[in-house]
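Participant: Below: sequence and its predicted model.
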Amino acid sequence: MNQKKKTVRIIPLGGLEQIGMNCTAMEYDDSIIVIDGGMSFPEDGMLGIDLVIPDITYLKNNKDKIKGMVITHGHEDHIGAIPFIEKKLQIPIYATKLTMGLIESKLTEHAIIDDVERHVVSYGETIKLGCFKVEFIRTNHSIADSAALGIFTPAGVIVHTGDFKVDFTPVFGSTIDLQRFGELGKKGVLMLMADSTNVERPGYTPSEKMVGKTIDHLFDDNRDSRIIVATFASNVDRVQQIINSAYKYGRKVIVDGRSMVNIISIASELGYIRIPDNTLIDIDQAGNYPPEKLVFITTGSQGENMAVLSRIAASTHNKIRIVPGDVVILSSSPIPGNEKAVYNLINELEQKGARVIYHDTHVSGHACQEELKLIYALTKPKYALPVHGEFRHLKRHAELAHEMGLDRENVKVISCGDVLEVSENTFEVTGHVPARGVFVDGLGVGDVGNIVLRDRQHLSENGLIVVTITLDKLTGEILAGPDIVSRGFVYVREAESLIEEIRDIVDEVVCYETGRGITDWNKLKSSIREALGEFLWQKTKRSPMILPVISEVEL
């Protein structure tokens, strides 16, 4: 077999130079496997956008080659886009038990569960997908049933860590299978694709059980207060430890927040969380117990506007009100970019008399530098491709790989859409495919692009002026108007003189253009926009969106 036939193509469609939207295609000959199908939340400038999913144009164009989708774990940035992908591709999904339970909940919500082939995989199990064999390897993360992937390709073994940490005292299940990483390293690993999220942090990530001890101390120290704990809904181990402390101190637990209720229900049903009898109560039963015998577990630790804790802080929650003496525990760290929203939330809660505790109440689910070095030492890869992180994370990860003995030319920092070809003697980017991300807005998928976003930004910053006029179809004479409507630009009643000047300018433009014999109303609209735009900038130093509306009447 020639060398070209032994080359694997790695095509990240998301998850590089960003946190979230993890999705990678791996291709050899007539076989493609897809690793994860995640979404990301919109950035500040993406007005009205609900979420962002990977651009799967390349996958749609090569649909017949796709053998399956393998999922590393059940976080939104790894499974959130699966329903959208499945609607287009209908490919088999392979995942561990809890991960599959969360995926099935999403597929049910989108009413496509009966259309999707699903396979639950156990740790140590190897599945054959075309030219690939994929082994699921036990890891630790902030959600149970997380897995790394040992991918056996004709070109060599590729190890994909997924999101991971090394936790020797996990809350649920066993510790990471370091032995298997070492066995693969002895046999020879062609390339390592490893989590970069915490690569800037030295040392080791503390065990999840450290947070459990902190939470237990906080429950002990605040026996006379009502407690509200906000955390990530997907952090099942954290929720388990909160429930453990609540039970220990004789408190009833109320779970609030759609995603929190959903995930706890799935995890409990599958045996990944154990809730003692008579511990969980409905929110409507809260009035039957004194406040100091209650603990609320809610969503909203990131300051999201519509999440439970934000509604509590804003006094818009219909059943929970903050009263002086309440203790609120934020059991998470702000995601980069969310800091302002989180601190605003803390201020609101404190102003209402709550005591907010947010230090030492969270540990990361991602590996720090020493844990990454351990994986490199065990796997001894020839090549390294840092994944899961912003550019600064990927760059620092490349430096760490070099520190671990890899030649600089054997470590690549690439972008979403780059096509990386890997073989025993090849490690280079040879092309690019579409991978800009697709916007989901309500029921629309991909129908909002950058031009629409620019318009929304323009409207949000400068407002809108609508100019309505009615013209005689034959003569171009103004029969009615111009009528001026302002939205987000000026308040009409307090800017009457400016509105009159706008009308005069529109009159002049229409008379001038129709006098020249212009009958193309699009050209007339363009002239109105240009004249008004220049006038308003000179007058107000603002550039509102100008929307001329011309009606024609034949007398």
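Facilitator: On my side now, so go ahead. Numbers count the residues shown, from 1 in each chain.

Participant: ok, the residue lying closest to G488 once chain neighbours are set aside - contacts?
Facilitator: Distances taken as Cβ to Cβ, 6 or more residues apart in numbering place G463 nearest to G488, at 3.1 Å, with adjacent residues excluded. The way it works is simple: take the backbone N, C-alpha and C, and place the C-beta from them, glycine included. By Cβ atoms under 8 Å, 6 or more residues apart in numbering, the contact list for G463 reads 486-490, 542, 544-545.

Participant: what is the mean pLDDT for the strand or helix carrying V429?
Facilitator: If you go by DSSP states H and E, V429 is part of strand 427-432. In this model, strand 427-432 has an average pLDDT of 95.

Participant: just the CA coordinates of it, formatted as CSV?
Facilitator: C-alpha atoms of strand 427-432 as CSV (Å, rounded to 0.1, in the frame of the first residue of the first chain):
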residue,chain,number,x,y,z
PHE,A,427,2.2,16.1,9.5
GLU,A,428,1.0,19.1,7.6
VAL,A,429,-2.0,21.3,6.8
THR,A,430,-3.0,20.6,3.2
GLY,A,431,-6.3,22.4,2.8
HIS,A,432,-9.3,24.1,4.4
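
Participant: what sits up against that strand?
Facilitator: 383, 409-410, 412, 414, 417-421.

Participant: D115: how many residues sit nearby?
Facilitator: Using other Cβ atoms under 10 Å, D115 has 11 neighbouring residues.

Participant: again, but for V239
Facilitator: 26.

Participant: Compute the distance between it and S265, please.
Facilitator: Distance, V239 to S265, using Cβ to Cβ, to the nearest Å: 11 Å.

Participant: same check, this time on N410
Facilitator: 46 Å.

Participant: now D221
Facilitator: 31 Å.

Participant: For the stretch 251-400 of the chain, which residues score under the pLDDT cut-off?
Facilitator: Applying pLDDT under 70 to the stretch 251-400 of the chain flags residues 336-337.

Participant: 80 - rerun?
Facilitator: Along the stretch 251-400 of the chain, the model assigns pLDDT under 80 to residues 305, 335-338.

Participant: Which parts of it are helices?
Facilitator: 258-270, 308-313, 339-351, 369-379, 391-403 (DSSP state H, counting those that start in this stretch).

Participant: send the alpha carbons of the fourth one over as CSV?
Facilitator: Spelled out, it's helix 369-379. Listed next in CSV are the C-alpha coordinates belonging to helix 369-379 (Å, rounded to 0.1, in the frame of the first residue of the first chain):
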residue,chain,number,x,y,z
GLN,A,369,0.0,21.3,33.4
GLU,A,370,1.2,18.3,35.5
GLU,A,371,-1.7,16.1,34.5
LEU,A,372,-1.1,16.9,30.8
LYS,A,373,2.6,16.1,31.2
LEU,A,374,1.6,12.7,32.8
ILE,A,375,-0.5,11.9,29.7
TYR,A,376,2.3,12.9,27.4
ALA,A,377,4.8,10.7,29.4
LEU,A,378,2.4,7.7,29.3
THR,A,379,1.4,7.9,25.6
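
Participant: who touches that helix?
Facilitator: Outside helix 369-379, the residues touching it (Cβ under 8 Å, 6+ apart) are 159, 161, 164-166, 178, 181-182, 184-185, 189, 192, 194-195, 198-199, 201-205, 367, 384, 397, 400-401, 403-404, 406.

Participant: Single out the most deeply packed of the helices of the stretch 251-400 of the chain.
Facilitator: Greatest average neighbour count among the helices of the stretch 251-400 of the chain goes to helix 308-313 (a mean of 24), per mean count of other Cβ atoms under 10 Å.

Participant: Quick one: list the elements packing against it.
Facilitator: Secondary structure elements in contact with helix 308-313, counted by 3 or more Cβ pairs under 8 Å, 6 or more residues apart in numbering; DSSP states H and E, are strand 227-230, strand 294-298, helix 339-351.
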